[in-house]
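Just the structure for this:
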Amino acid sequence: MRTVRKRGFLSRAGHYGSPIGIALFLLPGMGLYTAVMVYPAVQSLIYSVIDWQGVRPVWRFAGFGYYARMLTDPIVRIALMNNLRAIFLHLFIGLPLALLLSYALTRKVRGALVFRFLYYFPNVATVTILALMWKFLFTQEYGFNAVLRLLGLGSVIRPWLSTDGIVQWTTNIPYVWQAVGFWAVIFVAAISGISKELYEAARIDGANAWHEFLYIVVPSVRNIYLSASVASINWALGSYIYQYIMTEGGPLHKSQTLTNYTVMRLYSTELVDWGYGSTLAVLQFALGVVVSAIIWRLSRRRREVT
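Okay, the predicted model is just below:
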């Protein structure tokens, strides 16, 4: 007669364990995520429809006036355009540059260790130090302008942090510089896992380094590249520190980003408005969700076609 062993709620049930056991193991992480992420998001949603200023405990339903105000706010439009610029720089300059750099470093070029330190340096230094460094480089008297002056290119000298049409790009350069080093490390790990036999077969067929990159490396890291794209878009939508330290959103809010404007509305003594700041936070969250969903949907449709 075959005996049936009674299983406890933490014992293995099938291959993955019992549902109750899995839930107990996930409970601490889910609780922390709820406290840190979900609860503040729900709070922002509530504050965006009530008249609550932080110091006045007035819980009066204010309708959707904050949302209507947001649609006509010119600073919001400026901030969204700056976030779009950041997305463009991340997707079309930062990520491709990181992938090319990682492929070059996996080919055992001379001085690879030095280059790895240089491109990863922004990720080990504090953001405040990096922001102050770039602020110094873009000042009128020193940094890049001093180099241009020595080279006899005085006509190219500009006030990089106070000129409309320029400051919107210069304040995003440190973000891209930092992102290149981070994603290059991820791509190096992914490329190192590609089978050497694929490279050998390609060389036998007469492929050069460029062909290996296009037909072996790019398809092999496609899924990781897609995840990096989604993360980069959310980073670009949340760009804040460099603009705050380098220009404080100026001049005349021209370098303002959505996160920077939201923080100013929540904490600045001159612009503080908790209800409106919470509405801006809801907008930022919604944009991140929508953009991420669109990218995943397009990638899924592409996989179905191929």
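
gap between the residue lying closest to Ile173 once chain neighbours are set aside and Asn145?
Leaving aside its chain neighbours, Ile173 sits nearest to Trp134 (7.0 Å; criterion: Cβ to Cβ, 6 or more residues apart in numbering). To be clear about C-beta, it is placed using only N, CA and C from the backbone, and glycine gets the same treatment. Counting by Cβ to Cβ, to the nearest Å, the separation of Trp134 from Asn145 is 13 Å.

What of Tyr276?
Going from Tyr276 to Asn145 by Cβ to Cβ gives 38 Å.

same check, this time on Tyr215
Between Tyr215 and Asn145 the distance, using Cβ to Cβ, works out to 44 Å.

Who has more neighbours out of those two?
When Tyr215 and Asn145 are compared on other Cβ atoms under 10 Å, the one with more neighbours turns out to be Asn145, at 20 against 13.

check which helix or strand covers the more buried one.
Counting by DSSP states H and E, the secondary-structure element that holds Asn145 is helix 144-150.

how about the residue nearest to Ile173, what does it touch?
Ile173, Pro174, Tyr242, Met246 (Cβ atoms under 8 Å, 6 or more residues apart in numbering).

Swap in 7 Å and give it another go.
For Trp134, the set of contacting residues under the criterion of Cβ atoms under 7 Å, 6 or more residues apart in numbering consists of Ile173, Pro174, Met246.

Among these, which one has the most neighbours?
Within the contacts of Trp134, neighbour counts (other Cβ under 10 Å) peak at Pro174, which reaches 24 neighbours.

List of residues touching the one helix or strand that residue maps to?
Assigning secondary structure by DSSP H and E places Pro174 in helix 173-192. By Cβ under 7 Å, 6+ apart, the list of residues contacting helix 173-192 from outside reads 86, 89-90, 93-95, 97-99, 101-103, 105-106, 119-123, 130-131, 134, 217, 221, 224, 228, 232, 235, 239, 242.

buried set for it?
Buried positions in helix 173-192, judged by neighbour count with 16 or more other Cβ atoms under 10 Å: 173-188, 190-191.

Over to stretch 75-82?
Of the residues in stretch 75-82, those buried under the neighbour-count criterion (16+ other Cβ under 10 Å) are Ile75, Val76, Ile78, Ala79, Leu80, Asn82.

what about the second one, helix or strand, and which?
I take that to be Val76. Secondary structure from DSSP H and E places Val76 in helix 74-89.

could I have that helix exported to PDB, CA atoms only?
Extracted in PDB, the C-alpha atoms of helix 74-89 (Å, rounded to 0.1, in the frame of the first residue of the first chain):
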ATOM      1  CA  PRO A  74       3.000  77.000 -19.500                       C
ATOM      2  CA  ILE A  75       5.800  75.700 -17.100                       C
ATOM      3  CA  VAL A  76       4.400  72.200 -17.400                       C
ATOM      4  CA  ARG A  77       4.700  72.400 -21.200                       C
ATOM      5  CA  ILE A  78       8.300  73.600 -20.900                       C
ATOM      6  CA  ALA A  79       9.100  70.800 -18.400                       C
ATOM      7  CA  LEU A  80       7.600  68.100 -20.600                       C
ATOM      8  CA  MET A  81       9.600  69.300 -23.600                       C
ATOM      9  CA  ASN A  82      12.800  69.200 -21.500                       C
ATOM     10  CA  ASN A  83      11.900  65.600 -20.400                       C
ATOM     11  CA  LEU A  84      11.400  64.700 -24.100                       C
ATOM     12  CA  ARG A  85      14.800  66.000 -24.800                       C
ATOM     13  CA  ALA A  86      16.200  63.900 -22.000                       C
ATOM     14  CA  ILE A  87      14.400  60.800 -23.400                       C
ATOM     15  CA  PHE A  88      15.900  61.500 -26.900                       C
ATOM     16  CA  LEU A  89      19.400  61.800 -25.500                       C
END
